[in-house]
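> What follows is a predicted protein model with its sequence.
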Amino acid sequence: MRYENVIFDLDGVLVSTDEYHYQAWKKIADEEGIYFDRAINNRLRGVSRMASLEIILERAEKNYTQAEKEELAQRKNRYYQELLGNLTTEDTLNGVRETLADLRKNSVHIAVGSSSKNTMRILKQVGLENAFDAIADGTEITHSKPNPEVFLLAAQKLGAKPANCLVVEDALAGVNAGCRAGMSVAGIGEAAKSPRITYAIRSVADLLSIVD
Ligand code: BG6
Ligand code: MG
């Protein structure tokens, strides 16, 4: 085995929740009269809720107090969680279930490394809560991606050395986090274009040939 451990990002890699994040932030931006589009949304991928809000507020015409920012972040999370209510076991991305099962069959340890505080809820809703050897998420870290903290925590929970881990990411912030953690990175979607990745993949099913 070239890698004994694979650490998956959640949103946009395992589950198609990124559209829900976009819709919830778009509603907030519209309510507040702040310009927001999909290009700005791309900068929010992998980034924590509060850091995402700061990026959105770059276009705001007024200054928001800390209490107002917290209210906006909570409101966004309410809208997001309403949308998460639609998630079913059908909403894992292409090849995810089969690939996770095949990796485990080949004795590869698998983990989730996500900035999201909704990680457990999402995994339960798509029926993947017992599919991983370790889960590290936004509830356990101080610094979100591009800081490597969440991936280093996932590796620690797996009992793995960073050099023995392959990170799977769709976001540039996540690619940078994986690199800073000293891990190899497989990039999917937007992240596949980053010069910092080790492998470009089209779907998680491509991982089997990389790991083996
Ligand atoms: C990341 C998403 O996985 O989680 C970001 O890519 C999101 O878009 C971040 O902001 C935090 O998510 P949550 O669920 O804690 O608001
Ligand atoms: Mg992602």
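Alright, I've got the coordinates. Ligands and ions are numbered 1, 2, ... in the order given.
> The lowest-mean-pLDDT helix or strand in the chain - contacts with which helices or strands?
Taking mean pLDDT, DSSP states H and E as the measure, the chain has helix 207-211 as its least confident helix or strand, at a mean of 92. Here helix 207-211 touches helix 96-105, strand 165-169, strand 199-201, going by 3 or more C-beta pairs under 8 Å, 6 or more residues apart in numbering; DSSP states H and E. C-beta here means a position set from N, CA and C on the backbone, and glycine is covered the same way.
> Please verify my assumption that Ala205 contacts Gly95.
Yes. Ala205 sits in contact with Gly95 when judged by C-beta atoms under 8 Å, with a separation of 3.5 Å.
> follow-up on the earlier one: may I see the buried residues of the least confident helix or strand of the chain?
Leu207, Ile210, Val211 (16 or more other C-beta atoms under 10 Å).
> same check, this time on stretch 138-148
Buried residues in stretch 138-148, defined by neighbour count with 16+ other C-beta under 10 Å: Gly138, Ile141, Ser144, Lys145, Pro146, Asn147, Pro148.
> So that stretch, near ligand 2 or not?
No. Interface with ligand 2: stretch 138-148 contributes nothing (C-beta under 5 Å from the ion), its closest point being 8.6 Å away.
> Now do the end-to-end distance for that stretch.
12 Å (C-alpha to C-alpha, to the nearest Å).
> Over to stretch 151-167?
Terminal residues of stretch 151-167 are spaced 8 Å apart (C-alpha to C-alpha).
> Could you tell me which residues within that stretch count as buried?
So, applying 16+ other C-beta under 10 Å, buried residues of stretch 151-167: 151-155, 157-158, 160, 162, 164-167.
> And stretch 88-103, by the same measure?
Using 16+ other C-beta under 10 Å as the burial criterion, the residues of stretch 88-103 that qualify are Asp91, Thr92, Leu93, Gly95, Val96, Arg97, Thr99, Leu100, Asp102, Leu103.
> Also stretch 76-92?
Lys76, Tyr79, Tyr80, Leu83, Leu84, Leu87, Asp91, Thr92.
> which residues of the protein fall in strands?
Remark: strands assigned in the chain by DSSP state E are 5-8, 109-113, 134-136, 165-169, 184-188, 199-201.
> Could you dump the ones you listed into JSON lines with mean pLDDT added?
Below are the strands of the chain laid out as JSON lines (pLDDT from 0 to 100):
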{"stretch": "strand 5-8", "mean pLDDT": "98"}
{"stretch": "strand 109-113", "mean pLDDT": "98"}
{"stretch": "strand 134-136", "mean pLDDT": "98"}
{"stretch": "strand 165-169", "mean pLDDT": "98"}
{"stretch": "strand 184-188", "mean pLDDT": "98"}
{"stretch": "strand 199-201", "mean pLDDT": "97"}
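> ok, now which ones touch Ile188?
Neighbouring residues of Ile188 by C-beta atoms under 8 Å, 6 or more residues apart in numbering: Gly12, Val13, Val168, Glu169, Asp170, Ile201, Arg202, Ser203, Val204.
> Out of the strands of the chain, flag the one nearest ligand 2.
Proximity to ligand 2, assessed across the strands of the chain by C-beta to the ion, is greatest for strand 165-169 (6.4 Å).
> Please name the strands paired to the closest one in the sheet, noting orientation.
Counting by DSSP bridges, the strands paired with strand 165-169 are strand 5-8 (parallel), strand 184-188 (parallel).
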